[in-house]
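> show me how the following folds:
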Amino acid sequence: MKVHFIAIGGAAMHNLALALHLKGYEVSGSDDAIFDPSKSRLKAHGLLPQDFGWYPEKITLNLDAIIIGMHAKSDNPELVKAQSMGLRIYSYPEFIYEQSKDKTRVVIGGSHGKTTITAMILHVLNYHGQSCDYMVGAQLEGFDVMVQLTEANDFIVLEGDEYLSSPLDLRPKFHHYKPNIALISGIAWDHINVFPTFENYKNQFSIFLDSIVNGGSITYNEEDSEVRQLVEYNENPIRRFPYKTAEFRIVEGVTYLETDEGPIPLEIFGAHNLNNLAGAKWICQHMGIDEMDFYEAVVSFSGASKRLEKIASHKSTVVFKDFAHAPSKVSATTAAVKHQYPHKRLLACLELHTYSSLNESFLKEYKNTLDKADEAVVFYSPKALEIKHMKPLNPEQISMAFEHPNLKVCSDPLAFQTLLKNQSYTNTALLLMSSGNYGGLNFDQLKNIIL
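Here you go, the predicted structure:
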């Protein structure tokens, strides 16, 4: 099968390209810019385009499928030619479904926690030697690629993203997958550029519930009132499995999960992660892993990349990097670190980087999200606002939104780096939360300075 990717360099797109290449497909692609790690990974497999840009001559009648990424525009010259030739054009999730429609589809949805839950499930299955197909949104220890597609595996585990599918397909990705087994971890308003109201955003999860196939099931976080209400009022005749945060305790900086067989130590921590673990356990049980086998495996789970990832520790100092950017994630992550290290000074740094977080009307959603931090820094780039064609923000607006007594607001990358370098890190936990890089922060350099 010959497949061409328009915008092959994206995080999800390049992983799908690698998966199809490893499956034996003939893969080509284009993009106007590709950065690492996508660039080096595509190059290693001979899939990196020779020249960057869009080349309509790559679109020929011998192609079996075109896969288009969100980075491409609707007037992309390769896309326009493919349409004129009547070629089959798929969004990323449409093609994933085509590859998995004869499998048992396990889809993990939610505004937060879905990457971690998916990662936990895959870790447990891998530990017990059970192979499955998968698609996950972060690099995992022990896995070379973030997408695996085979002919042999019966199950596929999919991280169910609620963002749009492609420039031609404005449905959320997780509406395509038609799960047999589904999970919703939580609902908290996000992506306001495409879901302008909370009700509109929440409705996407209602449609997701309706898409679960006959005889399927929904595992859901009963501690989230929005999720609980949505599931309990939904009329789809499916089985319902509620879960809640397991009992745990912290002893000398180690989190212990309480089980019927006694306490077991974990490498992860935070109430939100223990909630994620409870959901993952249910899904693994649906997939044939019993409770004690789950616990045996999850002990060694250290987290997905950039999800409360410990990047440095030394004497009385510990440094974490996290992908948190939405309000619910910022609040849960900050609280988790403070709970784990109650006697350390917590310095929490957050970059406002996404369209939602930089929106003036959305800022109020961040009220009290950094309250567990002893000191906090919020960084934003005026250039990011310009690129997104958004109204300028000023530090006063941000300070008023967060309502934190020890908050500094910084909009200059060098000033932010200087601020970090001039800190005393004795008896300190530093938490760096961002889906960006604070305007070019070198994390390795920062680690060396701190340690």
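> for the longest helix anywhere in the chain, give me every contacting residue.
Longest among the helix segments of the chain by residue count, using DSSP state H, is helix 271-286. Helix 271-286 is touched from outside by 106, 108, 112-113, 116-117, 120-121, 124-125, 181, 183, 185, 217, 219, 221, 223, 241, 243-246, 248, 255, 257, 266, 268, 291, 294, 298, 303, 308, 332-333, 335-336, 339, with contacts defined as Cβ atoms under 8 Å, 6 or more residues apart in numbering. Backbone N, C-alpha and C define where each C-beta goes, glycine included.
> I'd like the next helix or strand past that helix.
Scanning forward in sequence from helix 271-286 by DSSP states H and E, the next helix or strand is helix 291-298.
> report the buried residues of that next one.
Neighbour-count burial for helix 291-298 flags 294-298 (criterion: 16 or more other Cβ atoms under 10 Å).
> do stretch 93-106 as well
Of the residues in stretch 93-106, 93-97, 99-100, 103-106 count as buried by neighbour count, 16+ other Cβ under 10 Å.
> Pro196: which of the residues you listed is nearest?
Pro196 lies nearest to Pro93 out of those, by Cβ to Cβ, at 22.3 Å.
> gap between whichever helix or strand that closest one is part of and the chain center?
Secondary structure from DSSP H and E places Pro93 in helix 92-100. Computed by Cα atoms, centre = their mean, to the nearest Å, the separation of helix 92-100 from the middle of its chain amounts to 19 Å.
> contacts for that helix, please.
Outside helix 92-100, the residues within contact range by Cβ under 8 Å, 6+ apart are 12-13, 16, 65, 67-70, 90, 105, 133, 135, 149, 156, 158, 161, 165-166, 169, 173-178.
> dump the buried residues of stretch 93-106 to CSV, plus distance to Pro49 and pLDDT.
Formatted as CSV, those follow (distance: Cβ to Cβ, whole Å; pLDDT from 0 to 100):
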residue, distance to Pro49, pLDDT
Pro93, 23, 95
Glu94, 23, 96
Phe95, 19, 97
Ile96, 22, 96
Tyr97, 26, 97
Gln99, 23, 95
Ser100, 27, 97
Lys103, 31, 98
Thr104, 35, 98
Arg105, 32, 98
Val106, 33, 98
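> isn't Gln83 right up against Ile89?
Yes: look at Gln83 against Ile89 with Cβ atoms under 8 Å: they come within range, at 6.9 Å.
> of those two, which one has the most company?
Each of Gln83 and Ile89 has its neighbours counted (other Cβ atoms under 10 Å); Ile89 has more, 19 against 15.
> find the helix or strand that the nearest residue to that one once chain neighbours are set aside is a member of.
Of all residues not flanking Ile89 in the chain, Ile66 sits nearest, at 4.6 Å (Cβ to Cβ, 6 or more residues apart in numbering). Secondary structure assigned from DSSP H and E places Ile66 in strand 65-68.
> next one: Asn437
With DSSP H and E as the test, Asn437 turns up in no helix or strand.
> now the helices for the stretch 151-300 of the chain?
All helices of the stretch 151-300 of the chain, identified by DSSP state H, counting those that start in this stretch, fall at 198-210, 225-233, 271-286, 291-298.
> now, of those helices, which is deepest in the fold?
Mean neighbour count (mean count of other Cβ atoms under 10 Å) peaks for helix 271-286 among these, with a mean of 23.
> could you export that helix as CSV, CA atoms only?
Taking C-alpha atoms only, helix 271-286 is exported to CSV below (Å, rounded to 0.1, in the frame of the first residue of the first chain):
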residue,chain,number,x,y,z
ALA,A,271,-3.6,12.3,43.9
HIS,A,272,-4.3,12.9,40.3
ASN,A,273,-1.9,10.1,39.3
LEU,A,274,-3.5,7.7,41.9
ASN,A,275,-6.8,8.5,40.3
ASN,A,276,-5.3,7.8,36.8
LEU,A,277,-4.0,4.5,38.2
ALA,A,278,-7.5,3.5,39.4
GLY,A,279,-8.9,4.0,35.9
ALA,A,280,-6.0,2.2,34.2
LYS,A,281,-6.5,-0.8,36.6
TRP,A,282,-10.2,-1.1,35.4
ILE,A,283,-9.2,-1.0,31.7
CYS,A,284,-6.4,-3.6,32.2
GLN,A,285,-9.0,-5.9,34.0
HIS,A,286,-11.3,-5.5,30.9
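> and it, what's its mean pLDDT?
Here the mean pLDDT over helix 271-286 is 97, rounded to a whole number.
> domain ranges for this structure, per the record?
2-87, 95-298, 309-450 (automatic domain parsing).
> quick revisit: and of the helices of the stretch 151-300 of the chain, who's closest to Trp54?
Comparing the helices of the stretch 151-300 of the chain by their distance to Trp54 (Cβ to Cβ), the top pick is helix 198-210, with 30.9 Å.
> what angle separates the closest one from helix 225-233?
If you take axes from the mean of the first three to the mean of the last three Cα atoms, to 10 degrees, helix 198-210 sits at 40 degrees to helix 225-233.
> and the contacts of helix 198-210?
Applying Cβ under 8 Å, 6+ apart, the set of residues contacting helix 198-210 from outside is 107, 109, 160, 162, 172, 174-175, 182, 184, 187, 189-192, 195, 218, 226-227, 230-231, 234, 236, 238.
> what about 10 Å?
Residues outside helix 198-210 that contact it (Cβ atoms under 10 Å, 6 or more residues apart in numbering) are 107, 109-111, 160, 162-163, 171-172, 174-175, 177-179, 182, 184, 186-192, 194-195, 197, 216, 218, 220, 226-227, 229-231, 233-236, 238, 365.
> ok so, going back, mind putting the buried residues of stretch 93-106 into a markdown table with distance to Thr317?
A markdown table is the format used below for the buried residues of stretch 93-106 (distance: Cβ to Cβ, whole Å):
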| residue | distance to Thr317 |
| --- | --- |
| Pro93 | 42 |
| Glu94 | 47 |
| Phe95 | 46 |
| Ile96 | 42 |
| Tyr97 | 46 |
| Gln99 | 46 |
| Ser100 | 45 |
| Lys103 | 46 |
| Thr104 | 46 |
| Arg105 | 44 |
| Val106 | 39 |
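> list just the nearest of these to Tyr55.
Ranking those by separation from Tyr55, with Cβ to Cβ as the measure, puts Phe95 on top at 21.3 Å.
> which residues in the stretch 301-450 of the chain form helices?
Along the stretch 301-450 of the chain, the stretches classed as helices by DSSP H, counting those that start in this stretch are 327-340, 382-387, 395-402, 413-421, 443-450.
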